[in-house]
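Predicted model follows, preceded by the sequence.
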Amino acid sequence: MTPALLVLLVAAAHVAIFGHLGPDALPAYRLWTHVAMKLLATAGCLWAAASLRRGDYMRRFWVPLGASYLLLTLAEDPVTSALGRGSAPAAVMLGVLFLASGNLLSVYATAVLARSYSQAGLGFERSWSGKLSWALAAVFATGVVGFGLQREVLRALAGGGPDAWASALSYLCDAVTFVLLVPVLRFSLRLGASRLGWPWWTYALATVSWLLYDAIEPLPDLAVGLSISVPSEAFRTMGTLLAGLAGLYAAELVRRARAERQAAAPAT
Amino acid sequence: MPGPSAIKERVQDAIAPYLGRKTAESAVRISAATWLKVDPDALTLEHLPRLREGLAPMLKTLLGAEVAATVLARIDEEARR
């Protein structure tokens, strides 16, 4: 079974269970599956980083992305409560700190990935279509996160506390990440179905999943009675697991190249 | 001995499985123009060492040192075949 198929099956099974659980079991199931998935994403990214050599440019992408998922894991309730040693304000502050730094690291990682093509000396030629795609992505990102960002900023200004500011920051980080998807997708198109194309396309799909997660958030306010909990969980699951899968593909690329070199080396 | 355009094709063939055909073409074109000041179609076996020198940082940035070394070994193998 391929890793991609496994991810799809796990995601489908998780979403099916999520949709069928009652209100008593759902909160605990949701919490621990979120922790498990974020840890899987962390492991995938850090595995990719470990497969590269010290000084390799792409480590600057995989290490912060893995650290970002680790921090987002630490931002979950049971972890912050344990680290806060029972103090509610300390737990909230830790949650805010982990959430904010996790989101900022994720933006940094995507910026590193977005720059890699020009860093390699293969920069795209400046064109009107390129500028237009940046502008459209900025407008689109604003539209996607605008609702949540406005809500959280208003909540923060009304005295919602540091967690409201951290939540607003996470929407802002999502918007920047969506804009950075422009160069990532442009380069993915040039990579096609090549070996490097697999981790790039998978990471791009992870980001698109998070984009859809944010995009459907305002729907219940637009259509009263509409529940988005299941599709929301599906997009969140795909966003998290695909980030880990991208790391797995990147590590596999190195493993395969190493095996090829060993096979080509003359026997001693 | 392979003809000039054959060298370009062979180097691109070695890179393409890793970076795709389009990026392979760009990498060879940019490397030939920057490091050798020649058209990619005019590449010969004598150009190969300098061409590799130009391609190495690109490959290392995108693929990492270990995979880049494998691709460079494939380039040598393909070009001299």
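Great, that's in hand.

All the helices of the stretch 1-150 of chain A, residue numbers only.
Along the stretch 1-150 of chain A, counting by DSSP state H, counting those that start in this stretch, helices occupy A:3-20, A:26-51, A:59-74, A:77-83, A:88-119, A:128-155.

what about stretch A:257-266, near chain B?
Yes: counting by C-beta under 8 Å from any C-beta of the partner chain, chain B is contacted by stretch A:257-266 at A:257-258, A:260-261, A:264. Quick note: C-beta positions are derived from backbone N, CA and C, even for glycine.

Just the buried ones from these, in ChimeraX syntax?
Buried residues among those (16 or more other C-beta atoms under 10 Å in any protein chain shown), as a ChimeraX selection:
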select /A:257
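
Pick the one among the residues of stretch A:257-266 next to chain B closest to residue B:43.
Comparing these against residue B:43 with C-beta to C-beta places residue A:264 closest, at 23.5 Å.

For that closest one, which non-adjacent residue is spatially closest?
residue B:73 (6.7 Å; C-beta to C-beta, 6 or more residues apart in numbering or on different chains).

Am I right that that neighbour is in contact with residue A:261?
Yes: contact status for residue B:73 versus residue A:261: in contact at 6.5 Å, counting by C-beta atoms under 8 Å.

quick one: low-confidence ranges for chain B?
Residue ranges of chain B with pLDDT under 70: B:1-5.

residues from it in reach of chain A?
Selection of chain B residues close to chain A by C-beta under 8 Å from any C-beta yields B:16-23, B:26-27, B:30, B:34, B:57-67, B:69-71, B:73, B:77.

Any of those residues buried? List them.
B:16, B:18-21, B:23, B:26-27, B:30, B:58-67, B:69-71, B:73.

Among the residues you listed, which lie within helices?
Among those, the ones falling in helices (DSSP state H) are B:16, B:18-19, B:21, B:23, B:26-27, B:30, B:58-63, B:65-67, B:69-71, B:73.

Sketch out the low-pLDDT regions of chain A for me.
Applying pLDDT under 70 to chain A flags the ranges A:266-268.

Which elements pack onto the longest helix belonging to it?
Across chain A, the longest stretch assigned as helix under DSSP H is helix A:229-264. Counting contacts by 3 or more C-beta pairs under 8 Å, 6 or more residues apart in numbering or on different chains; DSSP states H and E, helix A:229-264 is packed against helix A:3-20, helix A:26-51, helix A:59-74, helix A:197-215, helix B:65-79.

List just the one of those that sits closest to residue A:118.
helix A:59-74 (14.1 Å).

same for the closest one, what does it pack against?
When contacts are defined as 3+ C-beta pairs under 8 Å, 6+ apart, helix A:59-74 packs onto helix A:26-51, helix A:77-83, helix A:88-119, helix A:229-264.

Give me the buried positions along the shortest one.
Judged by neighbour count (16+ other C-beta under 10 Å), helix A:77-83 contains these buried residues: A:79-81.

Grab the most central residue of chain B for me.
Centroid check for chain B by C-alpha atoms, centre = their mean gives residue B:11 as the closest residue, at 4.2 Å.

and chain A, which residues reach chain B?
Within chain A, the residues that sit near chain B (C-beta under 8 Å from any C-beta) are A:51-53, A:55-59, A:116-117, A:119-122, A:187, A:190-197, A:253-254, A:257-258, A:260-261, A:264.

that older thread, which of the helices or strands spans the residue nearest to the centre of chain B?
Assigned by DSSP states H and E, residue B:11 belongs to helix B:4-19.

what's that helix packed up against?
helix B:21-31, helix B:48-63, helix B:65-79.

how close does the closest residue to residue A:49 other than its chain neighbours get to chain B?
Of all residues not flanking residue A:49 in the chain, residue A:62 sits nearest, at 3.8 Å (C-beta to C-beta, 6+ apart). Using C-beta to the nearest C-beta, to the nearest Å, residue A:62 is found at 10 Å from chain B.

Same list (the helices and strands packed on helix A:59-74) but as CSV, adding distance to residue A:174.
Output for the helices and strands packed on helix A:59-74, formatted as CSV (distance: least, C-beta to C-beta, whole Å):
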stretch, distance to residue A:174
helix A:26-51, 16
helix A:77-83, 21
helix A:88-119, 8
helix A:229-264, 10
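
give the contact list for the closest residue to residue A:11 other than its chain neighbours.
Using C-beta to C-beta, 6+ apart and skipping the chain neighbours, the partner closest in space to residue A:11 is residue A:237 (4.7 Å). Residue A:237 sits next to A:11, A:14-15, A:37 when contact means C-beta atoms under 8 Å, 6 or more residues apart in numbering or on different chains.

TSV for the helices and strands packed on helix B:4-19, including distance to residue A:232?
Output for the helices and strands packed on helix B:4-19, formatted as TSV (distance: least, C-beta to C-beta, whole Å):
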stretch	distance to residue A:232
helix B:21-31	36
helix B:48-63	35
helix B:65-79	37
